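Novice: turn this into a model:
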Amino acid sequence: NCVFDEVYGEAKVRKGITLFGTVMGGADVVTGLYQFNNTAGTVTKLVKVVAGTIYHYTGGAWVNSGKTDTAGLKTRFITFLDTVARLNGTNNVTCSTTGTTWGASAALDSSNFPVGKFGTVYKDQVIITGIAGDMDTLYISSVPSGGAISWTSGNRTITINPEDGQNTTALGEINGLFIIWKDKSMYTWNNRSTEADEVVSVGCSSQESVAKCGSALAFFNDKGVWLTSGSYPVKISRPVQKWIEGMSSSYYDDVSAYGDEDYLFVSIGDCTVDGVSYTNVALRYSINTKEWAVFSYAYEFRIFASHNNDIVGGTDIGDVYQIDSTALSDAGIDIKFDLQSQDIFFGSRGFKKELCERVIAYGENAQALVQVKVDKKDWQTIGTIIDNVNNFNLKEAISGFKMKFRVVGISKNRARIQGIEIPSINAVDY
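Specialist: Numbering: from 1, shown residues only. Now for the predicted structure:
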């Protein structure tokens with residue numbers, strides 16, 4: 001729960017989260033979250049789906065739109081011709097030009113709209129895939145004519161390698177290329193060729209993990225987090241790989257991500273790392289510094305969206321929160337932090353060292369314990385940070401071959417940890 005790119009040379013506790021609207025009260029997972037804007041800017045409406053019902057955010061509250069479909073289905077939205085369409089792969093598409101009322105749309109030819117799980121707009125056409133019984137086919141609409149598209153005239157289909165034993169899992173677009181992911185492969189298409197080209201045998205496990213990240217496109221699979229510019233993807237998650245290895249494999253298809261020009265957030269659920277359990281974990285990647293930070297939130301985020309330049313996340317209990325808000329807590333829940341060093345050998349690994357006299361810790365707004373772990377022993381508390389400069393006199397020397405230091409506590413005002421100083425360390429013996 002610390003970041004390292006706000007004040008260089010310091011660890012600073014992350015920002016908090018703020019509730020959007022009112023608490024749903026034990027509701028189901030937010031299975032869809034989307035910001036609908038029309039071209040004129042007269043409609044800017046945040047919508048979410050909980051238990052199959054579409055809600056819109058108006059006047060600080062979530063309002064039931066009156067449209068309810070099958071509960072529990074992952075729900076995606078696409079916007080074209082100033083009309084937003086809701087897709088879930090089971091129910092017929094429903095559309096809106098206001099974000100508040102939903103129904104049929106002549107502009108999107110909703111009566112003939114394919115019932116697919118995935119959809120996007122690419123080169124002035126709507127593309128739908130993930131249709132039951134035909135998972136590998138791209139259904140491509142006509143280009144607009146008279147302010148409307150057609151699914152019966154000027155439309156076409158392309159099937160993506162139907163005999164590879166895989167299903168389509170996600171769609172994306174980057175640098176003018178359309179990307180189709182399957183379980184274990186990635187294809188590109190340019191809207192001119194008659195078939196897609198397989199780029200590499202690297203798949204994607206979740207449509208919600210696909211996110212624009214600076215000038216690249218991020219996605220997730222069981223091996224980690226990847227970036228692609230339309231060619232061979234690069235794995236960027238090696239520094240946090242043990243967190244990915246510590247998550248549940250059943251969560252791979254629930255991983256969600258959000259990206260912008262500064263950061264990439266990847267929500268991976270609960271993790272067990274080095275024998276310690278962490279809940280509601282999100283990994284944050286800094287595009288500018290290439291650093292990762294590990295966050296543990298008070299709530300589990302299952303889907304992200306952008307709302308008026310803010311990051312918002314839908315939880316597993318039906319609520320929506322602003323991420324990285326001005327709040328100092330997670331909607332009233334204190335933010336706990338745990339900052340650990342690597343193993344430190346103070347020279348030769350084969351020498352036994354003795355830490356003596358004192359340890360000095362520096363911080364601001366921190367209420368935290370300073371601890372040390374020697375070799376394979378348990379954590380030992382040295383002192384408590386309460387001031388900017390904290391001088392801890394050691395009652396007896398601490399000796400061992402390697403030491404690891406830790407600052408752990410609760411942040412009330414974005415605590416800053418500025419360092420630990422060890423004035424005296426002596427080599428004792430082999």
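Novice: which residue sits closest to residue 384, ignoring its sequence neighbours?
Specialist: Sequence neighbours aside, residue 369 is the residue nearest to residue 384 in space, at 5.7 Å (criterion: Cβ to Cβ, 6 or more residues apart in numbering). Backbone N, C-alpha and C define where each C-beta goes, glycine included.
Novice: show me the beta-bridge partners of the one you found.
Specialist: Counting by DSSP bridges, residue 369 is bridged to residue 384, residue 408.
Novice: now do the contacts for it.
Specialist: 381, 383-385, 406-409 (Cβ atoms under 8 Å, 6 or more residues apart in numbering).
Novice: show me where the stretch 151-300 of the chain has helices.
Specialist: With DSSP state H, counting those that start in this stretch, the ranges of helices along the stretch 151-300 of the chain come out as 241-245.
Novice: show me where it dips below the pLDDT cut-off.
Specialist: Scanning the stretch 151-300 of the chain for pLDDT under 70 picks out the ranges 194-195.
Novice: in which helix or strand would I find residue 415?
Specialist: strand 403-421 (DSSP states H and E).
Novice: filter the contacts of residue 369 down to the buried ones and hand me the ChimeraX line.
Specialist: In ChimeraX, a selection of the buried entries from the contacts of residue 369 looks like this (16 or more other Cβ atoms under 10 Å):
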select :383,385,406,407,409
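Novice: export the contacts of residue 369 to JSON lines and tack on pLDDT and distance to residue 89?
Specialist: As requested, the contacts of residue 369 are exported to JSON lines (pLDDT from 0 to 100; distance: Cβ to Cβ, whole Å):
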{"residue": "381", "pLDDT": "93", "distance to residue 89": "53"}
{"residue": "383", "pLDDT": "91", "distance to residue 89": "57"}
{"residue": "384", "pLDDT": "91", "distance to residue 89": "54"}
{"residue": "385", "pLDDT": "92", "distance to residue 89": "52"}
{"residue": "406", "pLDDT": "93", "distance to residue 89": "47"}
{"residue": "407", "pLDDT": "94", "distance to residue 89": "47"}
{"residue": "408", "pLDDT": "92", "distance to residue 89": "44"}
{"residue": "409", "pLDDT": "93", "distance to residue 89": "46"}
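Novice: next helix or strand past the strand holding residue 415?
Specialist: Next helix or strand after strand 403-421 toward the C-terminus (DSSP H and E): strand 425-429.
Novice: could I get the contacts of residue 369 as JSON lines with distance to residue 265?
Specialist: Compiled in JSON lines, the contacts of residue 369 are given as follows (distance: Cβ to Cβ, whole Å):
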{"residue": "381", "distance to residue 265": "33"}
{"residue": "383", "distance to residue 265": "34"}
{"residue": "384", "distance to residue 265": "32"}
{"residue": "385", "distance to residue 265": "28"}
{"residue": "406", "distance to residue 265": "25"}
{"residue": "407", "distance to residue 265": "24"}
{"residue": "408", "distance to residue 265": "23"}
{"residue": "409", "distance to residue 265": "24"}
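Novice: buried sites along stretch 226-237?
Specialist: Judged by neighbour count using 16+ other Cβ under 10 Å, the buried positions of stretch 226-237 are 226-228, 230, 233, 236-237.
Novice: span of it from start to end?
Specialist: 7 Å (Cα to Cα, to the nearest Å).
Novice: can you tell me what sits against it?
Specialist: 174-177, 179, 186, 188, 199-200, 202, 213, 215-220, 223-225, 244, 283, 285, 290, 292.
Novice: any quick PyMOL command for the buried ones out of those?
Specialist: Of those, the buried ones go into a single PyMOL selection, burial set by 16+ other Cβ under 10 Å:
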select buried, resi 174+177+179+186+188+199+202+213+216+217+218+219+220+224+225+244+283+285+292
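Novice: take the contacts of stretch 226-237 and keep only those in strands.
Specialist: 174, 177, 179, 186, 188, 199-200, 213, 216-220, 224-225, 283, 285, 292 (DSSP state E).
Novice: widest-spaced pair of the buried residues of stretch 226-237?
Specialist: 230 and 237 (19.8 Å; Cβ to Cβ).
Novice: any weak-confidence spans in the stretch 301-430 of the chain?
Specialist: The stretch 301-430 of the chain contains residues with pLDDT under 70 at 430.
Novice: strands of that one, start to end?
Specialist: Counting by DSSP state E, counting those that start in this stretch, the stretch 301-430 of the chain has strands at residues 301-307, 310-315, 320-323, 335-340, 352-355, 358-374, 380-385, 389-393, 398-400, 403-421, 425-429.
Novice: quick one, which of these gets closest to residue 68.
Specialist: Closest to residue 68 of those is strand 310-315 (Cβ to Cβ; 17.1 Å).
Novice: report the angle between that closest one and strand 301-307.
Specialist: 150 degrees (axes from the mean of the first three to the mean of the last three Cα atoms, to 10 degrees).
Novice: same for strand 310-315, what does it pack against?
Specialist: When contacts are defined as 3 or more Cβ pairs under 8 Å, 6 or more residues apart in numbering; DSSP states H and E, strand 310-315 packs onto strand 30-37, strand 256-259, strand 301-307, strand 320-323.
Novice: swap the cut-off to 7 Å and go again
Specialist: strand 30-37, strand 301-307, strand 320-323 (3 or more Cβ pairs under 7 Å, 6 or more residues apart in numbering; DSSP states H and E).
Novice: please convert those to JSON lines, extending it with distance to residue 99.
Specialist: Formatted as JSON lines, those follow (distance: least, Cβ to Cβ, whole Å):
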{"stretch": "strand 30-37", "distance to residue 99": "4"}
{"stretch": "strand 301-307", "distance to residue 99": "12"}
{"stretch": "strand 320-323", "distance to residue 99": "15"}
